[in-house]
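*Asks:* Quick one: sequence and predicted model below, then my questions.
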Amino acid sequence: MGYLLLAGAIAAEVAGTTAMKYSEGFSKLVPSLLTTLGYVLSFALLAQTLKILSVGTAYAIWAGVGTAAIATIGVAFMGEGMTATKAAGIALIIIGVVVLNLDGAH
């Protein structure tokens with residue numbers, strides 16, 4: 001159940017960050033409201049996750065997967081370039097999350 005809540009928190013954070021891009025500095029109402037909703041939902045789900053999972057593990061997964069997802073969305077849908085450096089950074093984030101989970105700190 002903890003990982004399901006965490007997945008929801010990540011999805012909400014990614015949606016909120018994506019909406020933030022389209023808010024144009026919070027000058028557009030609908031994307032600005034979606035950003036707020038995404039982050040409020042993300043933090044609420046993350047808070048519930050922390051009742052089940054350790055804070056270090058949960059936060060590392062939330063931040064790492066969210067960052068990798070947003071970087072991938074930027075490349076796939078927002079015209080951002082993919083360089084070897086960016087690909088290596090995304091890979092290192094994913095590797096870091098996996099290594100933290102190998103410790104079994106749940």
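*Replies:* Now that the structure is in, tell me what you want to look at. Residues are numbered from 1 along each chain as shown.
*Asks:* Please give the element, helix or strand, for the residue sitting furthest away from the middle of the chain.
*Replies:* Seen from the C-alpha centroid of the chain, the residue lying at the greatest distance (Cα atoms, centre = their mean) is residue 27, 23.2 Å away. Under DSSP states H and E, no helix or strand contains residue 27.
*Asks:* In contact with it, which residues?
*Replies:* Counting by Cβ atoms under 8 Å, 6 or more residues apart in numbering, residue 27 makes contact with nothing. Quick note: C-beta positions are derived from backbone N, CA and C, even for glycine.
*Asks:* Next up, phi/psi of it, please.
*Replies:* Per-residue torsions, residue 27: phi -90, psi -10 (degrees, to the nearest 10).
*Asks:* May I ask which helix or strand of this protein has the lowest mean pLDDT?
*Replies:* When each helix and strand of the chain is scored by mean pLDDT, DSSP states H and E, helix 84-102 comes last, with a mean of 87.
*Asks:* Alright, calling it a day.
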